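Enquirer: Requesting a structural model of the entry that follows:
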Amino acid sequence: MKPGSTGSGPKAFEAKGNDVLVTGHLMASVLLLLASVVVLAFGWPGATPRPFRGLPHEAWGVLGILTFGGGTLWSSRFLFDREPRLRISAEGILNRTYWTAPILIPWTEVVEIRSKGLPGVREVVLRDPTSWLVRQPRTVRAWAWITRLFGLGPIPLNLWALAATWDEVDEQLEAGLERFELEGYRSLQRSVDLRGS
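Expert: As a prediction, the model looks like this:
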């Protein structure tokens, strides 16, 4: 089934306790692997036809090798890795939709999750992206720098990589954030009640 289409397969979602696990889309991994290999081949110095060589090409070649080199390894691994690509839990969102290290984004850091105008991409908006990024591994910080080139924040979610439809993932993300906000409200209400008694 095409990513983002209506009606996901039976294995797209899995419940584990209160967590929602979203599996990966095999065809998305295959396509990313093929695209990464092509970009790597053309980005490698001397691999491109003579008329396309030059300094701007070399700069893009290095960026392509860095970006798609990781993508090649990542997509190769995910062809065989059956772990969920996205986990929505009471703690937050575990994002494995990109090749950077698996990132747990705590709900305490999340302001909202929004569509950014790119098909199949959602952006997790953080309260303080700078202080959050400082605490992350280098791969995450490097990816955040790359995503800024495309007008995105530091944490994009790649819905193309998921077996569920985009609407289904959006619903689960919204429900997870609403549950966290509701629990925060209840905790606040309990502390107010305790002070009042």
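Enquirer: Please make it C-alpha for all contacts and neighbour counts, starting now.
Expert: Noted.
Enquirer: So, low pLDDT: which residues of this protein?
Expert: In the prediction, the chain carries residues with pLDDT under 70 at positions 1-11, 29, 32-33, 39-71, 73-79, 99-102, 184-197.
Enquirer: now the helices: where do they sit in it?
Expert: When assigned using DSSP state H, the helices of the chain occupy the ranges 26-43, 55-80, 129-134, 138-149, 166-196.
Enquirer: Can you give me every residue that contacts residue 170?
Expert: Residues in contact with residue 170 (Cα atoms under 8 Å, 6 or more residues apart in numbering): none are found.
Enquirer: Could you measure from it over to residue 133?
Expert: Residue 170 sits 24 Å away from residue 133, taking Cα to Cα, to the nearest Å as the criterion.
Enquirer: Likewise for residue 159?
Expert: Applying Cα to Cα, one obtains 22 Å for the distance of residue 159 from residue 133.
Enquirer: Which one's more surrounded, these two?
Expert: Comparing residue 159 with residue 133 by other Cα atoms under 10 Å, the one with more neighbours is residue 159, at 25 against 16.
Enquirer: Identify the spatial nearest neighbour of the more buried one, chain neighbours not counted.
Expert: For residue 159, ignoring the flanking residues on the chain, the nearest one in space by Cα to Cα, 6 or more residues apart in numbering is residue 120 at 4.9 Å.
Enquirer: ok, that neighbour - contacts?
Expert: Neighbouring residues of residue 120 by Cα under 8 Å, 6+ apart: 4, 158-160, 166.
Enquirer: Widest-spaced pair of those?
Expert: Checking the contacts of residue 120 against each other with Cα to Cα, the farthest-apart pair comes out as 4 and 158, at 11.0 Å.
Enquirer: Name whatever forms a beta bridge with residue 122.
Expert: Applying DSSP bridges to residue 122 yields these beta-bridge partners: residue 115, residue 157.
Enquirer: Isn't it up against residue 116?
Expert: Yes. Residue 122 sits in contact with residue 116 when judged by Cα atoms under 8 Å, with a separation of 6.1 Å.
Enquirer: If you count surrounding residues, which of these two has more?
Expert: Neighbours around residue 122 and residue 116, counted as other Cα under 10 Å, are more numerous at residue 122. The numbers are 21 against 15.
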